[in-house]
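Chemist: When you get a sec, could you give me coordinates for this:
(chains A and B)
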Amino acid sequence: MKSHLRSLILAGTGAALLAAAAMPGVAIAQDQPLVIARNLEINSLDPHRAFCDTCQIYLSSTYQGLVRLAADDRSIEPLLATEWTANEDQTQFTFTLHPDAVFSDGSPVEAKDVKWTFERLKNVQADPSFMMNGLVSIDTPDDKTVVVNMESPNSEFIGILAAPYAGIINSDVATENGAIAGEDAASADQAETWFLANSAGSGPYVLDTYRPDDELRFRVNENYWGEAPAISEIVIDQVADAVSQAQMLQSGSADIAMQVDPDTASTISSPDITIETVPSYNFIYVMFSPGAQGAELLDLEVRQAMAYAIDYQGAIDFTVGGEGALQASPIPNGFPGTDGLPMPEENLDKAREILASKGLEDGFTLDITVASLNVYGVDLTLLMQKLQQDLARINVAINIQPVASAVWREQTANPGIPFSARFYAPDYYGSAQYVQFFGMLPDTFWERRASGQGKVDLVNQRQVELFEQALAASGDRMNELYHEIALEMIKDRIIVPVVSPNLILAYRNEIEGVRYSACCNLPLAELSRK
Amino acid sequence: MSTYIVRRLIAMPLLLLGVITVAFLLTHFTAADPLTSIIGERQMNNPAVVEAARARWGLDRSLPERYVIYLGNLLQGDMGTSFRTRQPVAHDLMVRLPATLELVISAMLLGTIFGVVLGVLAARFRDGPIDNIARFFALIGASAPVFWTGLVVLFIFSVQLGWLPGPGRIDSRAVAPPFVTGFYTIDTLVAGDWAGFRSVLMHLILPASVLGWTVTGIVSRMVRASMLDVLSQEYILAARAKGAGPLRVLINHALRNAMLPTLTILGFSFAYLITGAILTETIFSWPGIGSYAVAAARGLDNPAIVGVTIIGGAAFLITNLLTDIAYALVDPRVKLSRQEGS
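Modeler: Numbering: from 1, shown residues only, chains lettered A, B, ... in the order given. This next block holds a predicted model:
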């Protein structure tokens, strides 16, 4: 018996030693694939059905738009189009295509591809289709010229074209594989499965492999018409948990960890790892829905009082350990029109005074739900618990019930949620998207939900007029108009931003070119090894 | 026994139909419209997009219609398309099931071997230091949550010591082997990829140990209790009196008889591990059925939820049957058919 036991122990020790000996070293050879640890959460790889953060990374690496967002995250620069012009009322846009641009199969990028891409984006009727709202027609006078006609002014169109979802697709290849751009695309297009295994763009990378919940692998585009990227193969590895991402980074299994939260980042002490904290355009907001069931008391003054009762800096400290910024309006800091906006203010005296003037000094109770989510390092339930304490100071009690995100979304439509928290990240660089989503314009997402599908009138006519003008304006005038719209949105007190969490970029020291991009998250083609 | 097996096999499709029906109905009576998992918030206000999505995913049909269509498709092996991965559910399951089975079988093997060894040692050296250590080890295995032990072992063996790799089935920089069986251990060997095979084995050690630890805890306690009971039986005394050595008595006479209740536990543990590998798969980024089920439930991915339920139901039915058969094989006194049993 004893000899058997001894054999077992010896075998176990041997196996452990073998394991240790077999482990590769941490130093990574130059030609090895670069590994990014990230929670993939991809909804599609079809450029016109995809709509997610990882989708932005994927699409901006495999496809190219007519224009792109520059590294300053504000200006637009040429990409497939060498130049473009807009008519005076911002309804017609003319583009000249780069003569050298080719797709990954070597065929030239032509005007017909641009026309086909924009028409499919519009007609497929999926998440990013809103980017082609107002598209009337596209003319292609020759192979390298595209004229886009809109039904109404849209000064933001060029900004929209810098979004990864507007990347130009090789129409011949896509059509061969079931893609359709015509008006019947919503029902007849059958290309999504093909797009899950293939890419058809002109970007620096092509899709090598995609295994949902496992990995997304890129290899360099052999026919790339621009400067070849330094890294020939990149893998985005599915790692859902921030701690696991940090562990992979420390062990050398990953080169970049994309979703490390401040708490986890503080535990990384390795000298081989660089941790950068940068401001982001993402934000967490609370919203009031006076049209929701049980929200009858939430008129403008009460909403103002509740907004004054929020300890904004405390919420930032509590949720992201101070790694975040205040945000004035639903248009994030740094976007057109946001310079000089007044930051949210905590003022308990004012809050109490308003409630007293309404005869509500004894407060009231709200039953609310919140999505059980942790986004950009912020746990929404924890945030609501913090706000629960804040509001208790003015005798407003909120009973919080965490629910699944899908259930939460259903409830916002019916019966409505009086007060809750949510998040937003930009789809492209431009302020119109925020007005169209958060503004109190007829039929925007939050106008419908906050008003209880029209039970109470929340439409802000001034916003409607300003937005019309903004879409027809450009340059400084456009910025001024968005500034005024932002002020109106603050006055509405329907959407109140609480925190714009910083982004933590954690990567091994030998990696260069890691940066956050407002349109594309992480531009892969800029990465290299020292 | 063969009559019994045939009867169970005939009943199985009916039981599965029940499972499918309940799962299908439950997923369609949730508190949220599945469209919320298909369309983003912004486009939920766009009637054209909503209508297109309903038509595309068959959500514009009545529930009975959808049920009949689903059953018809299922008979042809079509379990629908996942709302989340946008790929056929049958394909998703075919890719993920081997990953889970590879993990679960490895965990089962490790857990059983360690559990039996610990149980036997604990019983043999009852109330001594070995017994106490074994019981403590079993207690931790049975009670410590997998998400905690997973992170701890990753931190110790991957980050601190660097002995074993981190999450995933194979080194992230390596290319997965061509699909033959879906078991990376087998597929790397088939491909002649020895480096890949070594990487796969290394990646299996931590998750399989963590998951198997639970089984070790349960099995060792069961074996210990059964062994103590068996060791006090008269036939053990008789075996000793006939001159059988201690090891022979322990293994051939005591362990064989003590294994009967353990087999029941192993049968249930296997089915439990298949559906319960959820946390291990999440912590170790293991692309198996468990993590697929979690993502499906979280994202209201109804076709995937029903698909996983079918697989889970089938796993329980099959393991129950196999356990009953194993019972009869290990203990000839157990008869499975009514005629033989009466």
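Chemist: For the most centrally placed residue in chain A, which non-adjacent residue is spatially closest?
Modeler: Nearest to the mean C-alpha position of chain A, by Cα atoms, centre = their mean, lies A:A425 at 3.5 Å. Excluding the flanking residues, the one nearest A:A425 by Cβ to Cβ, 6 or more residues apart in numbering or on different chains is A:N282, at 4.5 Å. (Each C-beta comes from the backbone N, C-alpha and C, glycine too.)
Chemist: Below-threshold pLDDT in the chain: ranges please.
Modeler: With no chain named, the answer covers chain A. Within chain A, the segments meeting pLDDT under 70 span A:1-30.
Chemist: Please refer instead to chain B.
Modeler: Looking at chain B by pLDDT under 70, you get B:1, B:271-272, B:274-276, B:330-342.
Chemist: biggest helix in it by residues?
Modeler: helix B:194-231 (DSSP state H).
Chemist: And it, what does it pack against?
Modeler: helix A:2-22, helix B:89-124, helix B:129-143, helix B:146-153, helix B:184-190, helix B:256-276, helix B:278-283 (3 or more Cβ pairs under 8 Å, 6 or more residues apart in numbering or on different chains; DSSP states H and E).
Chemist: I'd say A:I57 and A:C519 touch.
Modeler: No: judged on Cβ atoms under 8 Å, A:I57 makes no contact with A:C519 at a distance of 10.3 Å.
Chemist: quick check: angle from the longest helix of chain B to helix B:129-143?
Modeler: 120 degrees (axes from the mean of the first three to the mean of the last three Cα atoms, to 10 degrees).
Chemist: Helix B:194-231: what's the following helix or strand?
Modeler: helix B:234-241 (DSSP states H and E).
Chemist: Do that following helix and chain A come into contact?
Modeler: No: Helix B:234-241 stays clear of chain A (Cβ under 8 Å from any Cβ of the partner chain), getting no nearer than 14.5 Å.
Chemist: Please export the C-alpha coordinates of that helix as CSV.
Modeler: C-alpha atoms of helix B:234-241 as CSV (Å, rounded to 0.1, in the frame of the first residue of the first chain):
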residue,chain,number,x,y,z
GLU,B,234,-18.2,-10.3,8.1
TYR,B,235,-17.1,-11.3,4.6
ILE,B,236,-14.1,-8.9,4.9
LEU,B,237,-13.2,-10.7,8.1
ALA,B,238,-13.6,-14.0,6.2
ALA,B,239,-11.4,-12.8,3.4
ARG,B,240,-8.7,-11.8,5.9
ALA,B,241,-9.0,-15.1,7.6
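Chemist: element containing the closest residue to chain B within the stretch 251-400 of chain A?
Modeler: Nearest to chain B in the stretch 251-400 of chain A, going by Cβ to the nearest Cβ, is A:S253, at a distance of 4.6 Å. In this structure, A:S253 sits in neither a helix nor a strand according to DSSP H and E.
Chemist: close enough to count as contact, it and B:P165?
Modeler: Yes: using Cβ under 8 Å as the test, A:S253 is close enough to B:P165 to be in contact (6.2 Å).
Chemist: for residue 191, phi and psi?
Modeler: All of this is about chain A. Torsion angles at A:A191 (phi, psi; degrees, to the nearest 10) stand at phi -90, psi 0.
Chemist: Chain B is the one I meant
Modeler: Torsion angles, degrees, to the nearest 10, at B:A191: phi -80, psi 0.
Chemist: isn't it right next to B:V175, touching?
Modeler: No: using Cβ under 8 Å, B:A191 is not in contact with B:V175; the gap is 9.9 Å.
Chemist: circling back to that earlier point, A:S75: which of the helices and strands packed on helix B:194-231 is closest?
Modeler: helix B:278-283 (41.3 Å; Cβ to Cβ).
Chemist: hmm, that closest one in reach of chain A?
Modeler: Yes: contact of helix B:278-283 with chain A (Cβ under 8 Å from any Cβ) involves B:282-283.
Chemist: Could you look up the next helix or strand downstream of that helix?
Modeler: Helix B:278-283 is succeeded, C-terminally, by helix B:289-298 (DSSP H and E).
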